[in-house]
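Enquirer: Attaching a predicted model along with its sequence, questions to come.
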Amino acid sequence: MKFQFYTRPGCSLCEEAELMLKLAAEDYPVEWQTINIEEDEEIHEKYMLMIPVLEQNGEVVKYGNIGYIDILEIIEY
C-alpha cells in the first residue's frame, strides 16, 4: 500500500504520524512518499491547515491527528 504523506518541518503532529506509519510498516507492506508542503506553493495552499495528510491514489484518506489504528483501518479496508 502506497501513500503520499504531506508534512512540513517542525510539525509535531506530522512527526507523530510518521512514527505511526513506521510502526505499521513493520507489520504491513506500507510505503509512503514524504512531501514537504513548503516546497510547493500550490500544495502549501491546499494542505496548510490540514497537515499531516495521507493521500492514496490522489484521494485524501486521513488528515490531522493520524494514529496507528487509523492507518490500520485504511490498510484493512
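Expert: That came in fine, so what should we check first? Numbers count the residues shown, from 1 in each chain.
Enquirer: what helix or strand does the nearest residue to Q56 once chain neighbours are set aside sit in?
Expert: Using CB to CB, 6 or more residues apart in numbering and skipping the chain neighbours, the partner closest in space to Q56 is F3 (5.5 Å). To be clear about C-beta, it is placed using only N, CA and C from the backbone, and glycine gets the same treatment. For F3, the host element (DSSP states H and E) is strand 2-7.
Enquirer: ranges for the helices of the protein?
Expert: 12-27, 41-47, 68-76 (DSSP state H).
Enquirer: would you list those in CSV and tack on distance to N57, mean pLDDT and mean neighbour count?
Expert: Output for those, formatted as CSV (distance: least, CB to CB, whole Å; pLDDT from 0 to 100; neighbours: other CB atoms under 10 Å):
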stretch, distance to N57, mean pLDDT, mean neighbour count
helix 12-27, 17, 96, 15
helix 41-47, 16, 96, 13
helix 68-76, 12, 94, 15
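Enquirer: Across the sheet, point out what pairs with the residue nearest to Q56.
Expert: W32 (DSSP bridges).
Enquirer: again, but for the one 4 residues further on
Expert: Beta bridges link T7 to N36 when assigned by DSSP bridges.
Enquirer: What's the separation between it and A17?
Expert: Noted for T7: a distance of 8 Å to A17, by CB to CB, to the nearest Å.
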